[in-house]
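Colleague: Next input, structure requested:
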Amino acid sequence: MLTIENLSISYGEHLVLDGLSLSLPEHCIHGLVGMNGAGKTSLLNALSGFVKPQAGTMKLAGNPLKRTDLAYLETENFFYSFITGREYLGLFRSPENVPGIDEWNRMFRLPLDYLIEGYSSGMKRKLALLGVLRQGKSLVILDEPFNGLDLESSRLLTMIIGRLKERGNTVIITSHILGSLTGICDFIHLLRDGTIQFTKDKEQFTDLEKDIFRDLDPGYLDLVNSIV
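Modeller: Predicted structure coming up:
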């Protein structure tokens with residue numbers, strides 16, 4: 001179980017997460033949704049050790065969560081200049097039982113011996129994904145992983161995420177497109193106003209969109225009718 005208790009994060013006077021608490025069962029796929037600025041990336045950055053919370057605890061299987069417990073795909077990935085895709089992947093330590101770089105690359109068919117500067121945005125996204133997957137971590141965090149991927153690669157990534165669950169991994173994934181989550185997630189959590197407003201399991205996904213926008217749609221409708 002990944003347990004987050006009373007997590008608070010602020011940037012100056014701007015409070016982003018306000019005593020957020022959430023328990024995530026292991027060996028499941030968890031979707032995290034929320035509007036822009038809701039704090040999704042701040043939460044993932046805290047889990048990954050990139051942001052230090054002002055308060056709260058994060059534990060995995062009862063022990064304090066460490067950066068080395070997980071692999072994290074950020075929304076925007078950083079690549080060093082003048083290195084090839086193969087050199088980039090070589091920066092990540094992977095267990096001995098994990099397939100080699102070329103075996104992994106059979107899925108995405110990237111030109112690994114070319115400089116990353118020549119890659120398209122979609123190719124860079126695939127390269128970053130390979131770097132995350134090869135680490136063999138039990139907890140995998142994917143922030144908007146479908147951004148920049150074509151239809152084929154998105155379908156492949158969906159299959160990869162499902163396979164990670166079958167192997168016993170825990171996956172946390174964000175997306176602005178609900179349909180990309182409802183087909184693969186076991187649970188979806190809505191982050192709003194600095195806290196988790198609700199958690200839905202698969203049997204409750206049918207009414208998910210309605211529940212998310214119930215309080216927002218009337219105001220949106222009035223605004224649209226007054227302008228358009």
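
Colleague: H14 pairs with what?
Modeller: Beta-bridge partners recorded for H14 (DSSP bridges): Y11.

Colleague: if I look at it, how far off is T158?
Modeller: Distance, H14 to T158, by CB to CB, to the nearest Å: 35 Å. No exception for glycine: its C-beta is placed from N, CA and C like everyone else's.

Colleague: Which one's more surrounded, these two?
Modeller: Under the criterion of other CB atoms under 10 Å, the comparison of H14 against T158 puts T158 first, with 15 against 8.

Colleague: Now do the closest residue to L65 other than its chain neighbours, the pLDDT please.
Modeller: Nearest in space to L65, with sequence neighbours left out and distances taken as CB to CB, 6 or more residues apart in numbering, is M58 at 4.2 Å. Predicted confidence (pLDDT) for M58: 96.

Colleague: Isn't M58 up against N6?
Modeller: No: applying CB atoms under 8 Å as the test, M58 and N6 come out as separate, 10.4 Å apart.

Colleague: Who has more neighbours out of those two?
Modeller: Neighbour comparison, M58 and N6: the larger count goes to M58, with 19 against 13 (by other CB under 10 Å).

Colleague: Would you verify that that one is located in a strand?
Modeller: Yes: counting by DSSP: H, G, I helix; E, B strand; the rest coil, M58 is found in a strand.

Colleague: ok, the residue nearest to L65 to I212 distance?
Modeller: With CB to CB as the criterion, M58 and I212 are 25 Å apart.

Colleague: who are the neighbours in contact with the residue positioned nearest the centre of the chain?
Modeller: Of all residues in the chain, the one closest to the mean position by CA atoms, centre = their mean is L142, 2.5 Å from it. Residues in contact with L142, defined by CB atoms under 8 Å, 6 or more residues apart in numbering, are 73, 132, 161, 171-174.

Colleague: can you check G56 too?
Modeller: Applying CB under 8 Å, 6+ apart to G56 gives the contacts 4-8, 19-20.

Colleague: Same question for T75.
Modeller: Residues counted as contacts of T75 (CB under 8 Å, 6+ apart) are 41, 143-144, 147.

Colleague: Now the buried members of those.
Modeller: Listed as buried from the contacts of T75 are 41, 143-144; burial here means 16 or more other CB atoms under 10 Å.
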